[in-house]
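K.L.:
next input, structure requested:
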Amino acid sequence: MKHLVIPFAFLFVLFSCREKNPVPVKKQGWSKERSVDFNQEINEREIIQIALFLEHHTEYKMTETETGLRYMIYKDSAGNTNPKIGQEVWLDLTIKLLDGTSCYTSEDSEDEVFIVDKSDKESGLNEIVKLLTVGDKAKIILPSHLAHGLLGDFDKIPPQSILLIDVQLNKIK
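P.N.:
The predicted structure follows:
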């Protein structure tokens, strides 16, 4: 009987100390302001991550565009024709996460082919190809808002991932 008293006493103390009417927590609805704040926080965090990456990789002499894309053309073919909106482009790509994790490479498949600004490709990739000429090779860093955003690609690219892409423009049609 003694052995039953201790567990019952413990349960009695545990449940008697519970608040009978807990204070209701007011749930905040999602608002436009919260969305803006959330996105600004993500952007600021990614700016810091990219800055730290570039501090440790001094070999990357990157130029930053107004959108936040960073790029470095390391093989300039000295061509004079850049792809225009609506043109088809063929690319060799190696896509990695900023930590070096490999995601995709066109060596495993065929060239990446898409129509500039008329496809579902990453907006940062559309932006960089318009700065290249056939034969150019570049390294680019895409913040998540220029890549796969909050959701990732549901395969190899996690949500909110910054991408490091090595790209070569092979052909314009």
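K.L.:
what's the local residue count around the nearest residue to residue 102 once chain neighbours are set aside?
P.N.:
Residue nearest to residue 102 in three dimensions, not counting chain neighbours: residue 96, with 5.3 Å by CB to CB, 6 or more residues apart in numbering. For the C-beta atoms, the positions are set from N, CA and C on the backbone; glycine is no exception. Using other CB atoms under 10 Å, residue 96 has 17 other residues around it.
K.L.:
pull up the pairing partners for the helix or strand encompassing residue 96, direction included.
P.N.:
Using DSSP states H and E, the element containing residue 96 is strand 88-97. Counting by DSSP bridges, the strands paired with strand 88-97 are strand 102-105 (antiparallel), strand 112-115 (antiparallel), strand 163-172 (antiparallel).
K.L.:
and residue 91, which of those is closest to it?
P.N.:
Ranking these by their distance to residue 91 (criterion: CB to CB) puts strand 112-115 first, at 4.4 Å.
K.L.:
got a list of contacts for the closest one?
P.N.:
For strand 112-115, the external contacting residues (CB atoms under 8 Å, 6 or more residues apart in numbering) are 86-93, 106, 121.
K.L.:
could you do stretch 151-160 as well?
P.N.:
Contacts of stretch 151-160 (CB under 8 Å, 6+ apart): 42, 46, 95, 97, 103-104, 144, 147-150, 161, 163.
K.L.:
got the CA positions of that stretch in CSV?
P.N.:
Extracted in CSV, the C-alpha atoms of stretch 151-160 (Å, rounded to 0.1, in the frame of the first residue of the first chain):
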residue,chain,number,x,y,z
LEU,A,151,10.7,26.7,-50.3
GLY,A,152,13.8,25.4,-52.1
ASP,A,153,13.3,23.1,-55.1
PHE,A,154,11.8,20.2,-53.1
ASP,A,155,14.8,18.0,-54.2
LYS,A,156,18.4,18.9,-53.6
ILE,A,157,18.2,22.6,-52.8
PRO,A,158,16.8,23.3,-49.3
PRO,A,159,14.6,26.2,-48.4
GLN,A,160,16.2,29.6,-48.1
